[in-house]
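# Requesting a structural model of the entry that follows:
(chains A and B)
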Amino acid sequence: MIKVNNLKRDFLQGQQRTQVLKGIDLAIEEGEFVAIMGPSGSGKSTLLQLLAGLDVPTDGDIQINNKFLNKMNEKERTIFRRKKLGFVFQNYQLLSTLTVEENIAFPLHADGKLTNEKSKMINALIHSVGLEGLNHKRANLLSGGQQQRVAIARALVNNPTVLLADEPTGNLDRAMAEEILGLFLKFHRQNKQTIVMVTHDIFAAGFADRIILFRDGVIDKVISRKDSDYAKYLANFMA
Amino acid sequence: MSVKHGILTLLFQQQHHGYELKLELDSLLGINGKINPGQIYTTLDRLIRDNLVSSPGSDDQERKLYEIEPKGKDELEKWLLEPVPYYTSKEGFFFKWNCARKIHFEQEKNMLEQQREMIIKEVMELTNLKTELLLQGDENKYLLITGMLLHLEADLNWIVQVENRNR
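Sure, this is the predicted structure:
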C-alpha cells in the first residue's frame, strides 16, 4: 500500500520559491491501478518522482509497504527502489548501445553476476512483452513501441510490488499505446502489481481503476466509475 | 436523422412553404441524401396536430405557409440540448449541431459540453469492458470496441476543435 501524508515539494527558481506540491494526502491500495491526470505543471510528475525515491520531499511522509521513503538515506532509498519499485519513462531511457537483453538485465547487475535462473527470467520477460527473437538487437535500432516494451521488461525484472509510469504512451501512436497499456494490464492482473501511471490521455486513464485529478499542486478530485457524476466532472476538468 | 426537428429548425428562422422546406432540408442534410416530399407533408401534418407548427395562410402564389409555435421552439431547444447516444452520434450529433449553427443557437457551448460528457462516459465504460475482453482473450469483441473507441476519440477531438475555433 502507498500512503502519502501532507506531501510538499518546493523548488527554488533564483530567489523565488515555488510550491509544486502543496500538501498531498493520498492512499493507494495494494494491487490497484491508478492514473494521475492534470495540466502541465500541476505536480503530477513531481509526485511520481517522489514516489519513486528519485527526489525527496520538502515536507510530509511517503510510505510504501509500511516503509517511510522520506526517512531513508540515499543508499537505503536506492536499494529500496531497486528491489521494490519499477519505473517506466515517456522517453524509455534505455542505454542505446546495449542490446534488448542487456538493457533488461541492467538492474540485476547491482546484485552480482547473472545466474542461469536470472537469464531464464529475462528470456521469459522478453517473450511476455512480445520481443521474441530480438534479444541481441541494439536498443537504438528498435521502434518506439519496441523500446517501451524493453523499458517495461526492465522495470519488471526485479518483480517490483509497485510500477510507476510517467506518460508511458506519450511518444506512441494510438495503436502502439494500446499494446503498451495491454501489457500493463496483463502484468497488473498476473502479478497483482500496484500501478501508478501519469497520463494526459483519457483513453489511457480509462484502463485504471481510479483517476486522480491534479490541479495547481493539490488533488482536485479522485474519480471512480462508481461515482454517479464522474463523467461530468471529467468533462469539465478536461475542458 | 429527424425530419421533424429539421423542419422546426428551418421554421425557427422564418415562415416557409412546403417545397422550400424540402430544398432547405436537403441542404441541411448535406451528403446524407434527399428527403421524400411526401415525408415533409406528413410530418407537417403531425406538427400542426401537436400544436408545434401552424399555418398563417398562403403566399402570393397560393402556396400554404408554415410557422413555428412557442411549443415548437421549446421542443426544438429540448432536442438540441439532448446528448446523442453513441450509436447514432456520428450522423445525429453532426446534424443537430448543424441545426444549432443555422439558427445561431445561443447554447451551442452547452450542447458541446454535454456531448463531450457523454463521449467521456462512453470512453470510460467501453475501455473498462475492453480491458476485460482483452484479458479474456475475446479478440473480435476487443477489436470492435477498439474501433468504437477510435470513433469516439475522433469525435472528442472534433469537439475540441470546434470549441477552439469558437473562442
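
# where do the strands sit along the chain?
All of this is about chain A. Applying DSSP state E to chain A gives strands spanning A:2-13, A:16-28, A:33-37, A:59-64, A:67-68, A:85-88, A:162-166, A:194-198, A:210-215, A:218-224.

# my bad, chain B
B:16-17, B:53-58, B:64-68.

# Partner strands of the first one, with direction?
Partner strands and pairing direction for strand B:16-17 (DSSP bridges) are strand B:64-68 (antiparallel).

# List the buried residues for the strand it pairs with?
Within strand B:64-68, the residues that count as buried by 16 or more other Cβ atoms under 10 Å in any protein chain shown are B:65-66, B:68. C-betas here are computed from N, CA, C, even on glycine.

# Of those, just say which sits nearest to chain A.
Chain A has its nearest neighbour among the buried residues of strand B:64-68 in residue B:68, at 31.5 Å by Cβ to the nearest Cβ.

# do you know how far the closest residue to that closest one other than its chain neighbours is from chain A?
Leaving aside its chain neighbours, residue B:68 sits nearest to residue B:11 (4.0 Å; criterion: Cβ to Cβ, 6 or more residues apart in numbering or on different chains). Residue B:11 sits 32 Å away from chain A, going by Cβ to the nearest Cβ, to the nearest Å.

# Columns distance to chain B, mean neighbour count and mean pLDDT on top of the strands of chain A, output as TSV?
Listed next are those as TSV, based on distance: least, Cβ to the nearest Cβ, whole Å; neighbours: other Cβ atoms under 10 Å in any protein chain shown; pLDDT from 0 to 100:
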stretch	distance to chain B	mean neighbour count	mean pLDDT
strand A:2-13	22	16	94
strand A:16-28	18	16	94
strand A:33-37	9	23	96
strand A:59-64	25	18	95
strand A:67-68	30	12	93
strand A:85-88	18	24	92
strand A:162-166	16	23	94
strand A:194-198	12	25	95
strand A:210-215	9	21	94
strand A:218-224	9	16	94
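
# would you turn those into JSON lines with distance to residue A:233?
Shown next, in JSON lines, are the strands of chain A (distance: least, Cβ to Cβ, whole Å):
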{"stretch": "strand A:2-13", "distance to residue A:233": "22"}
{"stretch": "strand A:16-28", "distance to residue A:233": "18"}
{"stretch": "strand A:33-37", "distance to residue A:233": "12"}
{"stretch": "strand A:59-64", "distance to residue A:233": "26"}
{"stretch": "strand A:67-68", "distance to residue A:233": "33"}
{"stretch": "strand A:85-88", "distance to residue A:233": "28"}
{"stretch": "strand A:162-166", "distance to residue A:233": "24"}
{"stretch": "strand A:194-198", "distance to residue A:233": "19"}
{"stretch": "strand A:210-215", "distance to residue A:233": "8"}
{"stretch": "strand A:218-224", "distance to residue A:233": "6"}
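
# can you list contacts of stretch B:71-81?
Residues outside stretch B:71-81 that contact it (Cβ atoms under 8 Å, 6 or more residues apart in numbering or on different chains): B:2, B:5, B:8-9, B:11-12, B:47, B:50-53, B:68, B:96, B:99-100, B:105, B:107, B:110-111, B:114.

# And stretch B:135-151, by the same measure?
A:174, A:178, A:185-186, A:189, A:203, B:86, B:90, B:122-123, B:126-127, B:129-130, B:133-134.

# longest helix anywhere in chain A?
helix A:174-191 (DSSP state H).

# If I take it and strand A:33-37, what angle do their directions form?
With axes from the mean of the first three to the mean of the last three Cα atoms, to 10 degrees defining the directions, helix A:174-191 sits at 140 degrees from strand A:33-37.

# contact partners of helix A:174-191?
Contacts with helix A:174-191, where a contact means Cβ under 8 Å, 6+ apart, come from A:31, A:33, A:128-130, A:143-145, A:148-149, A:152, A:156, A:159, A:163, A:165, A:168-169, A:172, A:193, A:195, A:197, A:201, A:203-204, A:207, B:131, B:134-135, B:146, B:150, B:153.

# what's the answer for stretch A:55-62, then?
Counting by Cβ under 8 Å, 6+ apart, A:2-10, A:21, A:23-24, A:46, A:49-51, A:68-70 sit against stretch A:55-62.
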